[in-house]
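**Student:** Structural data only, the sequence is not supplied:
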Ligand code: FPP
């Protein structure tokens, strides 16, 4: 469903007892936001980073358990070197200025993706933030960095094949749980699969994000560009989610 601020949904207030535990976001539209203001694309990413801070605090205040943000995909390397270089420096800038707030808000940083392929300085910034926040017990802020859903599944299948090769696993033992266990969301335990996926900037596709985990997620597409997003937009996306009828392939009780 395409959501526009001007088209009100059934209920307008967030029901705090039914906030999705895991929200995943495709933060799209940084480039278009910058272009609309006559600015270079990287200005959109810089503003996008500021919005990550606001949305993180807003989600934590709403008692979200996991917020997964698609910050850099395995396909984003195709962008001009200057833009990729800027994006690679963002984690350092972000954590340099934001770790005290993360600690104050009890937020724990986590990261998923092919981190060892990132520049060493980026790896260091991320690892340090993970270390500095490891004792926090509140929301997990999970960055997908150099992440791709298909690559994740390939790596997971290689892992299972190796287990079979060593005799630790029989092919017939492979089930959904075992596949879920070899994916990059495994450490999120009961929060592995997002209930809600949000994508900004009007595009309606999932772009190789959490292909397995999104099987039953509700998808909300907002027309605002990511750098324009605020806490109210996050709440409105949650309200749309709460007005949906989630059936997981079954039927509603009163329709039996
Ligand atoms: C998509 O917009 C956005 C990205 C590829 C990068 C997202 C990164 C941020 C929002 C900042 C991340 C912050 C941290 C802390 C790592 P786009 O450039 O594809 O926009 P366009 O479709 O309008 O060109």
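**Tutor:** The structure has been received and is ready for your questions. Being a predicted model, the structure only gives us computed values, none of them experimental. Residues are numbered from 1 along each chain as shown.

**Student:** Contact residues of the stretch 101-250 of the chain facing the ligand?
**Tutor:** residue 226 (CB under 6 Å from any ligand atom). Backbone N, C-alpha and C define where each C-beta goes, glycine included.

**Student:** residue boundaries of the helices in the stretch 101-250 of the chain?
**Tutor:** With DSSP state H, counting those that start in this stretch as the criterion, the stretch 101-250 of the chain has helices at 120-132, 149-165, 176-181, 231-242.

**Student:** Can you tell me which of those is most buried?
**Tutor:** Burial of the helices of the stretch 101-250 of the chain is given as mean neighbour count (mean count of other CB atoms under 10 Å); helix 231-242 ranks first at a mean of 20.

**Student:** ok, and what's touching that one?
**Tutor:** 1, 3, 5, 9, 11-15, 18-20, 23, 54-55, 57-59, 62, 195-196, 198, 218, 220, 222, 224 (CB atoms under 8 Å, 6 or more residues apart in numbering).

**Student:** One more: stretch 145-162?
**Tutor:** Stretch 145-162 is contacted from outside by 70-75, 91, 111-115, 117-118, 122, 126, 169, 174, 178-179, 182-184, 206, 208-212, using CB under 8 Å, 6+ apart.

**Student:** From the residues you listed, list the buried ones, please.
**Tutor:** Buried by 16 or more other CB atoms under 10 Å: 70-74, 91, 111-113, 115, 118, 122, 126, 169, 182-184, 206, 208-210, 212, out of these.

**Student:** from those, which ones fall inside strands?
**Tutor:** 70-73, 111-112 (DSSP state E).

**Student:** Pick the one among those closest to the ligand.
**Tutor:** Nearest to the ligand among those is residue 71, at 4.0 Å by CB to the nearest ligand atom.

**Student:** I'd say residue 91 and residue 126 touch.
**Tutor:** Yes - Residue 91 is within contact range of residue 126, at 5.5 Å (criterion: CB atoms under 8 Å).

**Student:** got any residues that touch both of these two?
**Tutor:** Counting by CB under 8 Å, 6+ apart, the common neighbours of residue 91 and residue 126 are 143, 145.

**Student:** For the ligand, what's the nearest residue on the stretch 101-250 of the chain?
**Tutor:** Taking CB to the nearest ligand atom, the stretch 101-250 of the chain has residue 226 as its residue nearest the ligand, at 5.4 Å.

**Student:** Report the buried residues of stretch 77-89.
**Tutor:** Neighbour counts over stretch 77-89 (16+ other CB under 10 Å) mark 83, 86-89 as buried.

**Student:** now, which of those lie within helices?
**Tutor:** Secondary structure defined by DSSP state H assigns 83, 86-89 of the buried residues of stretch 77-89 to helices.

**Student:** Identify, from these, the entry nearest to residue 97.
**Tutor:** residue 89 (12.7 Å; CB to CB).

**Student:** one step back: intersect the buried residues of stretch 77-89 with the contacts of the ligand.
**Tutor:** Filtered for proximity to the ligand (CB under 6 Å from any ligand atom), these shrink to residue 87.

**Student:** Mind checking which of the contacts of helix 231-242 are buried?
**Tutor:** Applying 16+ other CB under 10 Å to the contacts of helix 231-242 flags 3, 14, 19-20, 23, 55, 57-59, 62, 195-196, 198, 218, 220, 222, 224 as buried.

**Student:** Out of these, which sit inside strands?
**Tutor:** Those of the buried ones among the contacts of helix 231-242 lying in strands (DSSP E): 3, 23, 196, 198, 218, 220, 222.
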